[in-house]
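A.B. asks: this one's structure only:
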């Protein structure tokens, strides 16, 4: 039923369209037929042409293939030839190497010996101060030590020559002109004396040979004065023998010396406490000197007065006491004694003044040293708290303050104690003359006058 | 002779290990003993004559009881005591100073030790040993010097006091 309905609808449509355009459609179809016919002819032509092109290309490719095949054959032949040649060469190389080994013989051992010897010599000669006088010897040694081939005769001669020079020169004292590089970088030329392979000296004192840069430099800090003072008479002497301090470690001890603190640096390590101790010492000494001068002059005057009691002078204590007697000749003994005691009381403070201050200073100085010790130790423990105990160099500064102040306290105390005992003895002797002997002197004068 | 040279070498070695402070100790010891020997010699040889002179002068006097006589006697005793006591204070001071000098040596030695530690580190105890011997030897030397002085100086002090007391006793009021 459904099929039927569909066919009926199509038939109806065809009938409708056919009825509308029958004339126009007949013309167009003819044209199309003509066109198709013409096209078929041209396409056939084109196909023919392409076929011919393919055919000719096939011929070309065939010849290419043939050529490539021929090439392959040729290369394979060459490969075979070269492989054979390589194998032949390999065999020949082995033979030749064996021949070479046989020919070298002992020379191979010599190669090792030369390398070792020149390596040793390089180490010694490069750091030796002889190189300050003869620079540039180490270059040939270095190349010998690193060489991969057997050295030639001229190189061997160089090695021999360098070693011989080192040996001969290390036994000589030689003077030569050299450029000295100062610590600030400026350069100057000067006469340098080399003592064996131990030390370089010039009028600037001991010199250091910097082998890294090949420079002659003065030491950062010269050793103690007594050691350096031998240098200039040594430089001045032209014959005979002259003493000189040598550094047998070839500069190491001198370099250690430069790290030591000088007395001045030590003094400043004491810090504020150290300065206070110095002030105490200086003040104590000034007072002691003043006392010694004063007591010395008084003592001398008293001594001369003792020898001549008949003419008392008012410029010394004893004379003034004798004057007291001369003014009160007629009073009784008891009153005279009282007068003399009074006079002694007047004189005593002048004589005893200042002596106790020296004693106090002598007692204070070690106490100040102890204070410095404690302050330094506090600093030490602070740095231990901050940095731990791993590096002793960090603690060293404070410890040296602690020790230096202690030492300074003792240095101040010892002479002050000694000087106090001297001053006190002087003062006491004068005081004894006034206190215990003046009455006796007065009595003996009075006895003489009564007779 | 050889023995002396050996002895001298021992002393030199001792001084070298102990450092420069030993020279101060040696100087103090030397001065102390010179003064003490001088005092002993004075007490044994010079003083008896002085004493007998004073006693003879006193015995020759007719008046020994007046105020004048008393004062003259006191003056003579004081003069004698002055001579007897001369330099005794210095001797005692030197005895007291010896341990202090030793202590000074200890401190300088320790400074050396710490300086070595600062420049060389603590790796090598041998380097520090020289500083330590410079610290300990002067201490010991100072102690020995002081001990050698303490006994004899106190004996000397007692002798001087005794001599003065005997002088006072031998000047009676008659």
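C.D. replies: Yep, it's here. Just so it is clear, the model here is predicted, and its values are computed rather than measured.

A.B. asks: What are the phi and psi values at residue A:222?
C.D. replies: Main-chain torsions, residue A:222, degrees, to the nearest 10: phi -70, psi 150.

A.B. asks: what about it, distance to chain B?
C.D. replies: With distances defined as C-beta to the nearest C-beta, to the nearest Å, the gap from residue A:222 to chain B amounts to 17 Å. Every C-beta, even on glycine, is put in place using the N, C-alpha and C of the backbone.

A.B. asks: Residue A:201 falls within a strand, correct?
C.D. replies: Yes: counting by DSSP: H, G, I helix; E, B strand; the rest coil, residue A:201 falls inside a strand.

A.B. asks: For the stretch 301-450 of chain A, which residues are neighbours of chain B?
C.D. replies: Those residues of the stretch 301-450 of chain A that sit near chain B, judged by C-beta under 8 Å from any C-beta of the partner chain, are A:333-334, A:337, A:366, A:392-393, A:396, A:399-400, A:403-404, A:406-407, A:410-411, A:413-414, A:417-418, A:420-422, A:424-425, A:428-429, A:432-433, A:436-444, A:446-447.

A.B. asks: Now which of those would you call buried?
C.D. replies: In these, burial by neighbour count holds for A:366, A:396, A:399-400, A:403-404, A:406-407, A:410-411, A:413-414, A:417-418, A:420-422, A:424-425, A:428, A:432-433, A:436-444, A:446-447, counting by 16 or more other C-beta atoms under 10 Å in any protein chain shown.

A.B. asks: Keep only those of those that are in helices.
C.D. replies: A:366, A:396, A:399-400, A:403-404, A:406-407, A:410-411, A:413-414, A:417-418, A:420-422, A:424-425, A:428, A:432, A:438-444, A:446-447 (DSSP state H).

A.B. asks: pLDDT weak spots in the chain?
C.D. replies: Here I'm looking at chain A. Per-residue confidence for chain A (pLDDT under 70) gives these ranges: A:1-26.

A.B. asks: if I look at the residue nearest to the spatial centre of it, how far off is residue A:68?
C.D. replies: To find the centre residue of chain A, average its C-alpha atoms and take the closest one (C-alpha atoms, centre = their mean): that gives residue A:259, at 9.6 Å. For residue A:259, the distance to residue A:68 (C-beta to C-beta, to the nearest Å) stands at 85 Å.

A.B. asks: got it, and residue B:26?
C.D. replies: Computed as C-beta to C-beta, the residue B:26 to residue A:68 distance reads 113 Å.

A.B. asks: Can you tell me the closest non-neighbouring residue to the residue nearest to the centre of chain A?
C.D. replies: Spatially, and ignoring its direct neighbours in sequence, residue A:259 is nearest to residue B:119 (4.5 Å; C-beta to C-beta, 6 or more residues apart in numbering or on different chains).

A.B. asks: That neighbour: which element?
C.D. replies: In this assignment (DSSP states H and E), residue B:119 forms part of helix B:88-120.

A.B. asks: distance between whichever helix or strand comes after that helix and the chain's centre?
C.D. replies: Next helix or strand after helix B:88-120 toward the C-terminus (DSSP H and E): helix B:125-169. A distance of 7 Å separates the centroid of the chain from that of helix B:125-169, by C-alpha atoms, centre = their mean, to the nearest Å.

A.B. asks: For the stretch 101-250 of chain A, list the residues in contact with chain B, please.
C.D. replies: With C-beta under 8 Å from any C-beta as the criterion, the stretch 101-250 of chain A does not meet chain B at any residue.

A.B. asks: and the residue in chain B that chain A sits nearest to, how many neighbours does it have?
C.D. replies: Of all residues in chain B, residue B:75 sits closest to chain A, at 2.2 Å by C-beta to the nearest C-beta. For residue B:75, the tally of surrounding residues (other C-beta atoms under 10 Å in any protein chain shown) stands at 21.
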